[in-house]
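Student: Build me a model:
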Amino acid sequence: METSEDSQTGGRGGRSSAAGNATDKALNLLDAAAAPGYPHRLGEIAAAAGVPKASAHRILQNLVATSYLATDGAGSYSPGPRLRALAARVTQGCAEDQVMRAELEVLSRRTGLTAQTGVRTGDSITLLVKVAGPNPVQESSRVGQQLPPHTTAIGKCVLAAMADDELTAFVERVGLEARTENSIPDLAALRVELATVRERGFALDEEENEFGVRCLAAPVRDARGRVVGGVGLATITFLESREALLDRKDLLLTTAEALHGLLG
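Tutor: Predicted coordinates:
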């Protein structure tokens, strides 16, 4: 039964809330509970998923009962054995993942830089594959990490493909938290930046997510032609100039085309 806390139906007959239907809530909670840094507390998971705590607790208990999540009995949750097994089945021997990694290895070898792919997961960008470059100094990103779209080159590729009303709703929902002093400060500035991304066909992160790190990214489309993520090159600013990074643009765009359809 939905509680008054959950309802927020807005004339939808009590079938869903602002957090989505039952399936949306369960998937968002599963995603939040499995985010890097687990175990996570109930309140943290509920807030990240946008689900009221009463519903979140009930759904999380069901996920524990079915072994998708595990709990320490003190209100914290982490991936359970069934979710770990599912992840292994998805990634082990997956032809798409093998092709993706092979393309990134070629890109990294030809550019001498770190190559990575990321995909939109809800309101974040999740890094899927990373091939580190040969330089001993590396940026801090890691596979599975979730990053804000507005501060990352891959994320800007995703945002640039949104209709304006969808972009406005995204900013109203998530905000534009500054990661560095170079982060885009407001919606007006973001619109200008995304117009440039659409015109060029690629995006730049100029130390907007991490000081000392510059990234170049191109959009990656699913089988239906929708932008669902991107492929990027990352470099340390004191080792590589902006112009030198941009010189790798054509290689990056070629890789993005090779990844078409591999993210869905």
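Student: Tell me which stretches of the stretch 151-264 of the chain form strands.
Tutor: In the stretch 151-264 of the chain, the strands defined using DSSP state E, counting those that start in this stretch lie at 203-206, 213-221, 227-236.
Student: By mean pLDDT, point me to the weakest helix or strand of the protein.
Tutor: helix 81-91 (a mean of 79; mean pLDDT, DSSP states H and E).
Student: Report the buried residues of it.
Tutor: Within helix 81-91, the residues scored as buried using 16 or more other Cβ atoms under 10 Å are Leu83. All C-beta spots, glycine's among them, are computed from the backbone N, C-alpha and C.
Student: Report the distance from that helix to the chain centre.
Tutor: Centroid displacement of helix 81-91 relative to its chain, using Cα atoms, centre = their mean, to the nearest Å, is 19 Å.
Student: What of stretch 167-182?
Tutor: For stretch 167-182 - counting by Cα atoms, centre = their mean - the centre lies 14 Å from the chain centre.
Student: For that stretch, buried residues please.
Tutor: For stretch 167-182, a neighbour-count test (16+ other Cβ under 10 Å) marks Leu167, Phe170, Val171, Leu176, Arg179 as buried.
Student: do stretch 135-152 as well
Tutor: Across stretch 135-152, burial judged by 16+ other Cβ under 10 Å covers Glu139, Ser141, Gln145, Gln146, Leu147, Pro148, Pro149, His150, Thr151, Thr152.
Student: which stretches of the stretch 151-264 of the chain aren't confidently modelled?
Tutor: Under the criterion pLDDT under 70, no range of the stretch 151-264 of the chain is flagged.
Student: got a list of what His150 touches?
Tutor: If a contact means Cβ atoms under 8 Å, 6 or more residues apart in numbering, then His150 has Lys156, Leu159, Val171, Leu176, Ser183, Ile184, Leu190 as its contacts.
Student: er, Gly133 I mean
Tutor: Here Gly133 is in contact with Ser108, Thr111, Gly112, Leu113, Thr114, Ala115, Thr235 (Cβ under 8 Å, 6+ apart).
Student: Kind regards, and thank you for your time.
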